[in-house]
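Student: sequence plus predicted model, see below.
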Amino acid sequence: LRRFLASDNTRYLSWLHQIGAGDFSGVHQTLVELARAEQIFLAKRKTLLSLSKLAALASDDSPELVEPNVEAINEELSQIDLQETLPKEAIQKVGLDPDNMRVLSASELIRLYAGDENLMATEVDYKKALDLLLYIDQAECPDEYEELKLFIWCQAILRDSDRWMDPSEKDPIKIRNETLFFRTVDLIYNEGDDLGVVLPSTETLLDCHFLGDLRNNKHFQFLLKAGYEIISNVLLSGQ
Amino acid sequence: VSMAINVAISEDDRQKIEAIDWLVFDPSQRAEALKQANAVMRSFILVKKHNAAREVFDKLPADSINVVYKIWHAKTGSTSLPPADDNAVREYMCTKAYLDAMESYNDWFSLYHHSKPSKPSSAEVGSSFTDRVAFEHRLKQYDQDLERWQYKLVRQTQTTKDRVYNVLLFMDGGWMVDRYEDPDDEESRPQQLATLRRMHIPALCLNLHHMLHSSRLYSECLQLADSIASEHYQLYKEFNKDDLQQLLRQIRESSLCLLDQNKDPLGYDLV
């Protein structure tokens, strides 16, 4: 019976048999594999992961074995959480039903949080987009990782492009306090993340094609660099 | 799974309940009354004397939380309570949520298990015309009663589900979890709160599963796992291994029912 249940199209039943047999370690393993294969329904993936987590905790495996497995599931559940808390309008804009979503990849989620689809994006959304970088394999695809990171920061700048280019905006401190870009910087700093790792240098930003014509705008360049200077002073005085 | 037993109220308990009357007399003492009442209710709920806890609850005037805030504001000008009072207000609301959930579940339980109309038996029908007419009349009456019962049951199930989730997903950190640490707290209180969580959260989850399963809401039985496994609410931490195994066995029963309906084990259509 066990061999029959391990075959492909009956795999989704085998965990029921394993519960009956009291093999909770097996239940955990089967369910986590089913969850990772599930791409159609986000909610289904969530329930498979949740059940798998409970099974791991119900098993007789040693804590040294259970903890990393539960930790891995928690990371996947956090990603699901980040998809569930996407603003409804952004989801609908790309033709998905917020109550019945497929599983979106981390890079899709980043584009939705930081992209134009998210009309009312705040610094919290940009922080979430940056948090999602965690799910992009930096070693495997370093180019994609860097590109997404720049995409997020450039989008944050572009949200306020009128202000950046407005010649009457002469006060760097005001810009530093009121633009989405710098509010995101503040939020990251306040939550204890390492700005040195997350925040690209001004040179990198001004070199980035995402910014289009804005990067050649002298007024923008001045305000951005002045803002960076204020931040680095704060960071130095904080140390 | 069974109805919550209401343990009888003893003479001693009666005295504890009556004592609350003296505490609520003076509004300026309301924060203290709240703390005393909480302590008495806590001790009752720990031994499943839900009736006794409800009697204490009913002795506190409904505006008590307002009174506590008002008096504090008049005294200090601040709208945020000191930790001890904030914890007391929160515990009071947790107790209310719990008593509401338990009572609602008991109502569902007796409605589902003890109030279903029974079908008139046709064995008694004699050959006479009047007998047959009487039987048909009773049958018609039964159909109406059954429909009314089912309607009531659906509504009761919904109410109970909301109230139990209200406890399980209690806002801002969970049921019987303080928001602030109170350095002057009596030593036993945090321990009692932890015991209440450990005792009642797994039981509430199993009761909820029993109700959803009996109501054939099998997909919802599976989704119960989402809330229990959530890191946000951390309900799973109140379960020991046996509790978790029992829960998974119960959820398995719901899955098997879904398979009978030609769905997949989580209630999705088969592709």
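Tutor: Happy to help now that I have it.

Student: buried sites along stretch B:108-124?
Tutor: B:W108, B:F109, B:L111, B:Y112, B:P120 (16 or more other CB atoms under 10 Å in any protein chain shown). For glycine as for every other residue, the C-beta is placed from the backbone atoms N, C-alpha and C.

Student: SS state for the first one?
Tutor: Using DSSP: H, G, I helix; E, B strand; the rest coil as the criterion, the local structure at B:W108 reads helix.

Student: distance of it from chain A?
Tutor: Using CB to the nearest CB, to the nearest Å, B:W108 is found at 24 Å from chain A.

Student: residues contacting that residue?
Tutor: Contacts for B:W108 were tallied using CB atoms under 8 Å, 6 or more residues apart in numbering or on different chains; they are B:L153, B:Q156, B:T157, B:T160, B:M211.

Student: next: the third one.
Tutor: With contacts defined as CB under 8 Å, 6+ apart, the neighbours of B:L111 are B:W149, B:K152, B:L153, B:Q156.

Student: which element is the first one on?
Tutor: This points to B:W149. helix B:129-168 (DSSP states H and E).

Student: residue closest to the middle of chain A?
Tutor: A:L132 (1.6 Å; CA atoms, centre = their mean).

Student: remind me which residues of the chain are low pLDDT?
Tutor: Here I'm looking at chain A. A:1-9, A:236-239 (pLDDT under 70).

Student: not quite, I wanted chain B
Tutor: B:1-6, B:123-126, B:271.

Student: show me what whichever strand or helix holds A:E71 is packed up against.
Tutor: Per DSSP H and E: A:E71 is located in helix A:63-84. Contacts defined by 3 or more CB pairs under 8 Å, 6 or more residues apart in numbering or on different chains; DSSP states H and E place helix A:63-84 against helix A:24-37, helix A:42-58, helix A:106-114, helix A:123-132.

Student: enumerate the residues of chain A near chain B.
Tutor: Counting by CB under 8 Å from any CB of the partner chain, the residues of chain A close to chain B are A:12-13, A:15-16, A:19-20, A:22, A:24, A:27, A:41, A:43-44, A:46-51, A:53-55, A:57-58, A:60, A:74, A:77-78, A:81.

Student: where does A:D99 fall, phi/psi-wise?
Tutor: phi -90, psi 0 (degrees, to the nearest 10).

Student: leaving aside the residues adjacent along the chain, what's closest to the residue positioned nearest the centre of chain B?
Tutor: Closest to where the C-alpha atoms of chain B average out (CA atoms, centre = their mean) is B:A101, at 2.1 Å. Nearest in space to B:A101, with sequence neighbours left out and distances taken as CB to CB, 6 or more residues apart in numbering or on different chains, is B:R163 at 4.2 Å.

Student: try A:A35
Tutor: In space, A:A35 is closest to A:L48, 3.7 Å off (CB to CB, 6+ apart).

Student: quick check: the one you found touching A:L31?
Tutor: Yes. Between A:L48 and A:L31 there is a contact under CB atoms under 8 Å: 5.2 Å.

Student: what sits against A:T184?
Tutor: Contacts of A:T184 (CB under 8 Å, 6+ apart): A:E123, A:Y126, A:K127, A:L130, A:W153, A:A156.

Student: turn those into a markdown table, including neighbour count.
Tutor: Formatted as a markdown table, the contacts of A:T184 follow (neighbours: other CB atoms under 10 Å in any protein chain shown):
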| residue | neighbour count |
| --- | --- |
| A:E123 | 18 |
| A:Y126 | 25 |
| A:K127 | 20 |
| A:L130 | 23 |
| A:W153 | 24 |
| A:A156 | 23 |
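
Student: just send these back as CSV, with distance to B:P83 too.
Tutor: Below are the contacts of A:T184 laid out as CSV (distance: CB to CB, whole Å):
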residue, distance to B:P83
A:E123, 30
A:Y126, 34
A:K127, 30
A:L130, 34
A:W153, 40
A:A156, 38
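
Student: wait, the residue nearest to the centre of chain A touches A:L82, no?
Tutor: Yes. Counting by CB under 8 Å, A:L132 does reach A:L82; the two are 6.1 Å apart.

Student: can you list residues touching both of these two?
Tutor: Shared contacts of A:L132 and A:L82, counting by CB under 8 Å, 6+ apart, come down to A:L109, A:Y113.

Student: what parts of chain B come near chain A?
Tutor: So far as CB under 8 Å from any CB goes, chain B lies against chain A at B:222-223, B:225-226, B:228-232, B:236, B:239, B:241, B:244-245, B:247-249, B:251-252, B:255-256, B:259, B:264-266, B:268.

Student: which among the residues you listed end up buried?
Tutor: The neighbour-count criterion (16+ other CB under 10 Å) marks B:222-223, B:225-226, B:228-230, B:236, B:239, B:244-245, B:247-248, B:251-252, B:255, B:265-266, B:268 among the residues of chain B next to chain A as buried.

Student: ok, the nearest residue to B:K59 once chain neighbours are set aside - contacts?
Tutor: For B:K59, ignoring the flanking residues on the chain, the nearest one in space by CB to CB, 6+ apart is B:I20 at 4.3 Å. B:I20 makes contacts with B:A33, B:Q36, B:A37, B:V40, B:V56, B:K59, B:L60, as judged by CB under 8 Å, 6+ apart.

Student: what about B:I20, which SS state?
Tutor: Under three-state DSSP, B:I20 comes out as helix.

Student: relative to A:E108, how far out is it?
Tutor: 57 Å (CB to CB, to the nearest Å).

Student: what does A:I91 give?
Tutor: From A:I91 to A:E108 the distance is 11 Å (CB to CB).
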